[in-house]
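**Student:** show me the folded form of this:
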Amino acid sequence: MDIDFITFIGPNSADYAEYLKYTCENFASGKHNIHWKAVESVGVDRMPKGYQYLFKAPDTKHNSLNHGTAMNMALKYIESKYVVFIDADMAIVHKNWDDIIVNELNKNDCFGVSYAHSKKYRDFPTVYLFAFRSYILDKSALDFRPSVKRGVDSPMRKKLNKQEAKIFGMKSGSILKCDTGWRLPLVKIDGITSKSMPMVMMTSKKAQLPFENDKHKKLCMQKPGHMYEWHYNGRVFTTHKQASRVHPLKETWGDAWKRRIDLYIKENRI
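**Tutor:** Below you'll find the model as predicted:
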């Protein structure tokens, strides 16, 4: 099968995107044709090697809106039946990940990673890794843009009524943070089905990415919310480095994350 694998490049993203491709290639099944594609967003120092350049997204003067706008525009460049939208600061470390995505998308319209934050929706794929079959664009509208106010960095918040809460997997009266991709669960109204992998925090006993030693662990734990994992059938599928815009991959915090993944790959390469 053909898979459009599309990522979005902003500040510090090129090194992360190249590392993402490296991890993917380590664990790919070899059964599918993966088309590596990249969108130039705002603040790019260079584009990553190994990706087809798609287009340059406009500057909306808001970081989250820049990302959501770029994702919306990328929908026009889809050429394959299977599509993966993924943040550049991710790494995929599950054997045959590409075959898993294809198989899951043969059962559901969307597949990806979930949130575990109190103010974000539950049980539906998020923008970190959002995979889907392209035909759903004929059935429903995907809108990745956040709700923001001019001059305000933080996205708007929405109090959910009973009907909305059911769609977003939250309790009635909950406050939803309208960040990038918050509208995605609305496609359920059009009958779109999904499966999402559970988020595991670095501080959880379920976390599997190893540390080199106690010193390395102590360093990483200084930022306990910066290294998420998502598991598929009990094993790490993918991981994310929070705040990569200000943490280059080759500097302290990006490197600390990368060293955990390198160690995991060394222990799990088959």
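
**Student:** packing partners for the helix or strand encompassing Leu20?
**Tutor:** Element membership for Leu20 (DSSP states H and E) is helix 13-27. In terms of contacts (3 or more C-beta pairs under 8 Å, 6 or more residues apart in numbering; DSSP states H and E), helix 13-27 is packed against strand 2-9, strand 33-40, strand 90-92, helix 97-105, helix 252-268. Heads up, the C-betas are built off the backbone N, CA and C, glycines and all.

**Student:** you'd agree Lys217 is in a helix?
**Tutor:** Yes: Lys217 forms part of a helix when assessed by DSSP: H, G, I helix; E, B strand; the rest coil.

**Student:** ok, back up a step: what does the helix holding Leu20 contact?
**Tutor:** 5, 7, 9, 34, 36, 38, 41, 44-51, 86, 88-98, 241, 244, 248-250, 254, 258, 261, 265, 269 (C-beta atoms under 8 Å, 6 or more residues apart in numbering).

**Student:** what subset of these is buried?
**Tutor:** Neighbour-count burial (16 or more other C-beta atoms under 10 Å) is assigned, among those, to 5, 7, 9, 34, 36, 38, 41, 44, 48, 51, 86, 88-94, 96-98, 241, 244, 248-249, 254, 258, 261.

**Student:** follow-up on the earlier one: looking at the helices and strands packed on helix 13-27, which is closest to Gly151?
**Tutor:** strand 2-9 (23.6 Å; C-beta to C-beta).

**Student:** for that closest one, the distance to its chain's centre please.
**Tutor:** 11 Å (C-alpha atoms, centre = their mean, to the nearest Å).

**Student:** pull up the pairing partners for it, direction included.
**Tutor:** Looking at strand 2-9 with DSSP bridges, its partner strands are strand 33-40 (parallel), strand 82-87 (parallel).

**Student:** quick check: buried residues in the helix holding Leu20?
**Tutor:** Here helix 13-27 shows 13-17, 19-21, 23-24, 26-27 as buried, counting by 16+ other C-beta under 10 Å.

**Student:** distance to His62 and pLDDT added to those residues, as TSV?
**Tutor:** Output for the buried residues of helix 13-27, formatted as TSV (distance: C-beta to C-beta, whole Å; pLDDT from 0 to 100):
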residue	distance to His62	pLDDT
Ser13	17	96
Ala14	22	97
Asp15	24	98
Tyr16	21	98
Ala17	22	98
Tyr19	27	98
Leu20	25	98
Lys21	28	98
Thr23	30	97
Cys24	30	97
Asn26	35	93
Phe27	35	95
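
**Student:** need the helices for the stretch 101-250 of the chain, in chain order.
**Tutor:** 162-168, 214-220 (DSSP state H, counting those that start in this stretch).

**Student:** between the ones you listed, which one is closest to Ser134.
**Tutor:** helix 162-168 (23.0 Å).

**Student:** pLDDT on that closest one, on average?
**Tutor:** Predicted confidence along helix 162-168 averages 95 (mean pLDDT).

**Student:** please apply the same query to stretch 58-67.
**Tutor:** On average, stretch 58-67 scores 90.

**Student:** one more: stretch 144-158?
**Tutor:** Rounded mean pLDDT across stretch 144-158 is 88.

**Student:** any idea how far apart the tips of that stretch sit?
**Tutor:** By C-alpha to C-alpha, to the nearest Å, the extent of stretch 144-158 from end to end equals 16 Å.

**Student:** need the residues that contact it.
**Tutor:** Counting by C-beta under 8 Å, 6+ apart, 61-65, 67-69, 71-72, 119, 127, 164, 175-184 sit against stretch 144-158.

**Student:** now with 6 Å, please.
**Tutor:** Residues from elsewhere that reach stretch 144-158 (C-beta atoms under 6 Å, 6 or more residues apart in numbering): 62, 64-65, 68, 71-72, 175-181.
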